[in-house]
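# turn this into a structure:
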Amino acid sequence: MLAPVAAYDDVAACYDATRGGEQRGDEYAAELDHRLPTGASPILEVGVGTGVVALGLRRRGRPVIGLDVSAAMLGRAAERLGSGLVQGDARCLPVAPGSIAHAVSVWVAHAVEPPEAMFAEVARVLRPAGRYLVCPTNRPGVGEHIGPVLSAMFDRAERVHPTWRRYDVSAGDIVAWGALAGFSGYAEPMQPRTWVTSAAEQIQSIHDRVWPALRGLDDPDFEAVTRPAVEALASLPDGPIIQRAEADIVVLSLR
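Numbering: from 1, shown residues only. Got it, this is the predicted structure:
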């Protein structure tokens, strides 16, 4: 199953503000662009979300079709991208076989169940020698204090809300799922990302349930999942905190 669509609909309005917005999208687009062969199009973004990555790719001259299961997220994407957006399920793409040159997915694999279905579908719609670039979610950088607190919170959320996949899908997981669909693949590190936040900002994000994994929890479960994180964040110094994250890009090519 996909992570509940309503949860993504609910967070669409705050998604960009809490996940880096167009700056983060452009950073990912730059990393994807130089790993995509030149010329061939179109590019399909599976899980286009609010369109920040697709926008960065279009600014680099890449024709992008964006697909997402959430109407609310697509509504935000339409404000940026206009046309070229399709609502659909990553496990059953409304796309003709062999019609797409290359595909990309950023922060999507953890939200699809079973993930093998998405990789099989992308393999179906790609042309021969097509490439699929997949980015799992960030992992905390060395010495970073906020990321590990949030990761532990997501682990607790998964234990009480088992319909959610873990947020820490690895590059190795993606290579393995790709292999089942007929891809060969390898992982490359992205440039580390840094941004400024604060403990107070992160605590407010928890209270606002800006992550889909916190949606659908009843009040007792929400308290049990989030209280250790709020306490840990409250113990950090006041004022700006530099958050650091590392990530990978998995390059999958049809055999």
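
# isn't there a helix covering G239?
No: under DSSP: H, G, I helix; E, B strand; the rest coil, G239 sits outside any helix and is assigned coil.

# right, and it touches V196 too?
No: checked against CB atoms under 8 Å, the pair G239 and V196 is beyond contact range at 9.9 Å. (Glycine included, C-beta is placed from N, CA and C.)

# against A111, how distant is E31?
For E31, the distance to A111 equals 20 Å [CB to CB, to the nearest Å].

# of those two, who's got more company?
A111 (25 against 21; other CB atoms under 10 Å).

# does the more buried one touch V46 like I think?
No: in terms of CB under 8 Å, A111 does not count as a neighbour of V46; the distance is 10.9 Å.

# now do the contacts for S170.
Contact analysis of S170 by CB atoms under 8 Å, 6 or more residues apart in numbering lists P136.

# pLDDT score assigned to E144?
Listed pLDDT for E144 reads 88.

# show me what contacts it?
Here E144 is in contact with 243-245 (CB under 8 Å, 6+ apart).

# what of I242?
Taking CB under 8 Å, 6+ apart, we find I242 in contact with 194-196.

# which residues of the chain score low on pLDDT?
1-4, 6, 162-167 (pLDDT under 70).

# grab the longest strand from it for me.
Longest strand in the chain, counting residues (DSSP state E): strand 126-135.

# if I look at R24, how far off is D68?
Counting by CB to CB - R24 and D68 are separated by 17 Å.

# Y8 too?
8 Å.

# which one of these two is surrounded by more residues?
D68 (28 against 22).

# what's opposite that one in the beta bridge?
Beta bridges link D68 to Q87, judged by DSSP bridges.

# include neighbour count, secondary structure and distance to V64 when you put the contacts of E144 into JSON lines, please.
Below are those laid out as JSON lines (neighbours: other CB atoms under 10 Å; DSSP: H, G, I helix; E, B strand; the rest coil; distance: CB to CB, whole Å):
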{"residue": "Q243", "neighbour count": "20", "secondary structure": "strand", "distance to V64": "28"}
{"residue": "R244", "neighbour count": "17", "secondary structure": "strand", "distance to V64": "29"}
{"residue": "A245", "neighbour count": "19", "secondary structure": "strand", "distance to V64": "24"}
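
# dump these to JSON lines, plus distance to A229.
Compiled in JSON lines, the contacts of E144 are given as follows (distance: CB to CB, whole Å):
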{"residue": "Q243", "distance to A229": "14"}
{"residue": "R244", "distance to A229": "18"}
{"residue": "A245", "distance to A229": "17"}
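
# tell me the one of these nearest P115?
Closest approach between the contacts of E144 and P115, by CB to CB: A245, at 21.8 Å.

# that closest one: what's its closest spatial neighbour, skipping adjacent residues?
By the measure of CB to CB, 6 or more residues apart in numbering, the closest residue to A245 outside its immediate chain neighbours is N138, 3.7 Å from it.

# what's the burial count for the one you found?
That count, for N138 with other CB under 10 Å as the rule, works out to 25.

# list the contacts for it?
Applying CB under 8 Å, 6+ apart to N138 gives the contacts 147, 193, 245-247.

# mind listing what's buried in stretch 93-112?
93, 95, 100-112 (16 or more other CB atoms under 10 Å).

# in strands only, show me the residues you listed.
Going by DSSP E, the strands hold 100-106 from the buried residues of stretch 93-112.

# output those residues as JSON lines; include the columns distance to E79.
Listed next are these as JSON lines, based on distance: CB to CB, whole Å:
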{"residue": "I100", "distance to E79": "24"}
{"residue": "A101", "distance to E79": "26"}
{"residue": "H102", "distance to E79": "25"}
{"residue": "A103", "distance to E79": "23"}
{"residue": "V104", "distance to E79": "20"}
{"residue": "S105", "distance to E79": "21"}
{"residue": "V106", "distance to E79": "19"}
